[in-house]
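**Student:** Have a look at this prediction, sequence included:
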Amino acid sequence: MDTIASLFSFITTPVSWVIVQFHSLYGMIFGPDTGWAWGLSIVSLVVLIRICLIPLFVKQIKSTRNMQVLQPKMKAIQERYKNDKQRQSEEMMKLYKETGTNPLSSCLPILAQSPFFFALYHVLSSIASGKTIGVIDQGLLDSARQAHIFGAPLAAKFMDSSEKVASLNATLTDVRVVTAIMIVMMSASQFYTQRQLMTKNVDLTVKTPYMQQQKMLMYIFPVIFAVTGVNFPVGVLVYWLTTNVWTMGQQMYVINQNPTPGSKAQDQYLQRLLKNITAHSEVRSRRKRSIVQAIVAKGPDRNDNERKFVTSLAKAGLAAQPDGTVIKSDTAAAEAESGGAGRRQQPKRQSKAQRQAAAAQAGTDRPDQPNDSEAAGAPAKTSLQKGEPQDTKSKPAGKPAAGSARQAKSGQRKGQQRPKHPSKK
């Protein structure tokens, strides 16, 4: 690890200078040799770095969402050119170029933060070894070696021997308890950040391999932190825990204020936006107007969350406009209320048993197979006699109908006959 950290020695001087500047500030409040002064200096270094990385984080969000949208197309290209890897790569690069997507953008914040992480590790390792580095002279070195966080020196590690820990004026139990708690917190914060990304900020209507990869990372990253954390000094654990907490808070803000379209977080955001709009009958901020404007511009391409939002606005008597504002509209409310009533009801599909029962019932009602009511003398209504009024009065049993004799003589079937064609008369 020291060899890897030495590769970033060019940045150790700027990192050590920033830590010293923050230490001089917090030293006036908590004392120059306290763990609070040195610990808060490391926390402030993290905050400063993460503020500088916000533009890269925004680019990472856009790239991640573009990758989610492109996953179905990428899968289609892989299936189409599965036997031609070169053509497959060319089509992938063409797709990235057309959509303006860079697959490496999602890794930019981590790559940009790595030099600072290894530089801080190199600084703390030099402090543990009693060597000056960067702008940290011998006086600052002695002060840093005396600084403890809850009894654990900044330069101590979980795997250090009791003799090395004793040289830093601490006990092995204190060091291992503090480092173990920090490693657990570091892994838990990483797991929670990834979990809220998967459960709230992913479009569940699109099943892609990207989702499976993210789900695997949700379990792999905490394990990596737990395994490698035992070799990190306490100061590096403070750095990494702080950056994980920052990432978690930053992710929560993005999910609440700029969720992924089609996700559970977008549904919750639009519900909050709907309550705000209906309470004031207007869209009260420029950012919210831009969101409503984007939803209106989608037209029929809206997802389920956006369609529900527009319908709920209409039921409240409000109509969203192309410029992102809303106006009162009784027509929209009436259409929303009657939208489902005017739809034609489709006949319910019958089961096989119901169709067989209906066919059997129709067979028993045929005039050439009289049922029980016909055997008792009651008139039966045939399928050819629908719509014609039947004589409900019973006729004398000994007096047959006028046409019955003719039908019996001609051998024709009882009941109303279909008129013959004029050419056959």
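**Tutor:** On my side now, so go ahead.
**Student:** send the alpha carbons of the host helix or strand of Thr12 over as PDB?
**Tutor:** According to DSSP states H and E, Thr12 maps onto helix 12-30. Extracted C-alpha coordinates of helix 12-30, given in PDB (Å, rounded to 0.1, in the frame of the first residue of the first chain):
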ATOM      1  CA  THR A  12       1.100  15.200  -0.600                       C
ATOM      2  CA  THR A  13       2.400  18.800  -0.300                       C
ATOM      3  CA  PRO A  14      -0.900  20.400  -1.200                       C
ATOM      4  CA  VAL A  15      -2.900  18.000   1.000                       C
ATOM      5  CA  SER A  16      -0.600  18.500   4.000                       C
ATOM      6  CA  TRP A  17      -0.800  22.300   3.500                       C
ATOM      7  CA  VAL A  18      -4.600  22.200   3.500                       C
ATOM      8  CA  ILE A  19      -4.600  20.100   6.700                       C
ATOM      9  CA  VAL A  20      -2.200  22.500   8.400                       C
ATOM     10  CA  GLN A  21      -4.300  25.500   7.500                       C
ATOM     11  CA  PHE A  22      -7.400  23.900   9.000                       C
ATOM     12  CA  HIS A  23      -5.400  22.700  12.000                       C
ATOM     13  CA  SER A  24      -4.300  26.300  12.800                       C
ATOM     14  CA  LEU A  25      -7.900  27.300  12.700                       C
ATOM     15  CA  TYR A  26      -9.300  24.600  14.900                       C
ATOM     16  CA  GLY A  27      -6.200  24.600  17.200                       C
ATOM     17  CA  MET A  28      -7.200  28.100  18.400                       C
ATOM     18  CA  ILE A  29     -10.600  26.600  19.500                       C
ATOM     19  CA  PHE A  30      -9.800  23.100  20.800                       C
END
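**Student:** so after it, what's the next helix or strand?
**Tutor:** helix 35-52.
**Student:** so what does that following helix touch, helix or strand wise?
**Tutor:** Where contact means 3 or more CB pairs under 8 Å, 6 or more residues apart in numbering; DSSP states H and E, helix 35-52 is packed against helix 12-30, helix 108-129, strand 148-149, helix 234-257. In this view, the C-beta of every residue, glycine as well, is placed from N, C-alpha and C.
**Student:** who's in contact with the third one?
**Tutor:** The contact list for strand 148-149, computed with CB atoms under 8 Å, 6 or more residues apart in numbering, reads Gly35, Gly39, Leu154, Asn169, Ala170, Val178, Val234, Val238.
**Student:** Each with direction, which strands does it pair with?
**Tutor:** Looking at strand 148-149 with DSSP bridges, its partner strands are strand 152-153 (antiparallel).
**Student:** Please identify the buried residues of the helix or strand just after the strand it pairs with?
**Tutor:** Using DSSP H and E, the helix or strand that follows strand 152-153 in sequence is helix 162-167. Of the residues in helix 162-167, Lys164, Val165 count as buried by neighbour count, 16 or more other CB atoms under 10 Å.
**Student:** do stretch 85-101 as well
**Tutor:** For stretch 85-101, by 16+ other CB under 10 Å, it's Gln88, Glu91, Met92, Tyr96, Thr101.
**Student:** Likewise for stretch 253-272?
**Tutor:** 254-255, 258-267, 269-270.
**Student:** do the same with stretch 27-45
**Tutor:** Buried residues in stretch 27-45 (16+ other CB under 10 Å): 27, 32, 34-35, 37-45.
**Student:** re the thing from before, reformat the helices and strands packed on helix 35-52 as TSV; add distance to Leu313 and mean pLDDT.
**Tutor:** Formatted as TSV, those follow (distance: least, CB to CB, whole Å; pLDDT from 0 to 100):
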stretch	distance to Leu313	mean pLDDT
helix 12-30	50	91
helix 108-129	37	79
strand 148-149	53	89
helix 234-257	20	88
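**Student:** about what we covered before: in helices, which of the buried residues of stretch 253-272 appear?
**Tutor:** Val254, Ile255, Lys264, Ala265, Gln266, Asp267, Tyr269, Leu270 (DSSP state H).
**Student:** Just send those residues back as JSON lines, with distance to Ser189 too.
**Tutor:** Output for these, formatted as JSON lines (distance: CB to CB, whole Å):
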{"residue": "Val254", "distance to Ser189": "16"}
{"residue": "Ile255", "distance to Ser189": "15"}
{"residue": "Lys264", "distance to Ser189": "21"}
{"residue": "Ala265", "distance to Ser189": "19"}
{"residue": "Gln266", "distance to Ser189": "24"}
{"residue": "Asp267", "distance to Ser189": "26"}
{"residue": "Tyr269", "distance to Ser189": "24"}
{"residue": "Leu270", "distance to Ser189": "28"}
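**Student:** Between which two of the buried residues of stretch 85-101 is the distance greatest?
**Tutor:** Farthest pair in these (CB to CB) is Gln88 and Thr101. Separation: 16.5 Å.
**Student:** middle-most residue in the protein, spatially?
**Tutor:** The chain has Val202 as the residue nearest its centroid, 1.7 Å off, counting by CA atoms, centre = their mean.
**Student:** And what about that residue, helix, strand or coil?
**Tutor:** Following DSSP: H, G, I helix; E, B strand; the rest coil, we place Val202 in the coil state.
**Student:** Who's the closest spatial neighbour of it, skipping the chain neighbours?
**Tutor:** Ser263 (5.6 Å; CB to CB, 6 or more residues apart in numbering).
**Student:** hang on, the earlier thing: what is the helix holding Thr12 packed up against?
**Tutor:** Using 3+ CB pairs under 8 Å, 6+ apart: helix 12-30 touches helix 35-52, helix 108-129.
**Student:** Show me which positions of the longest one end up buried.
**Tutor:** Residues of helix 108-129 classed as buried under the neighbour-count rule (16+ other CB under 10 Å) are 108-109, 113, 115-128.
**Student:** Which secondary structure elements does whatever helix or strand comes next after that helix sit against?
**Tutor:** Using DSSP H and E, the helix or strand that follows helix 108-129 in sequence is helix 138-146. Where contact means 3+ CB pairs under 8 Å, 6+ apart, helix 138-146 is packed against helix 108-129.
**Student:** tell me how far the helix it packs on is from the chain's mean position?
**Tutor:** 33 Å (CA atoms, centre = their mean, to the nearest Å).
**Student:** Next, the angle from that helix to helix 138-146.
**Tutor:** Calculated by axes from the mean of the first three to the mean of the last three CA atoms, to 10 degrees, helix 108-129 forms an angle of 100 degrees with helix 138-146.
**Student:** Between helix 35-52 and helix 108-129, find me the angle.
**Tutor:** Using the same axes, to 10 degrees: helix 108-129 against helix 35-52 is 160 degrees.
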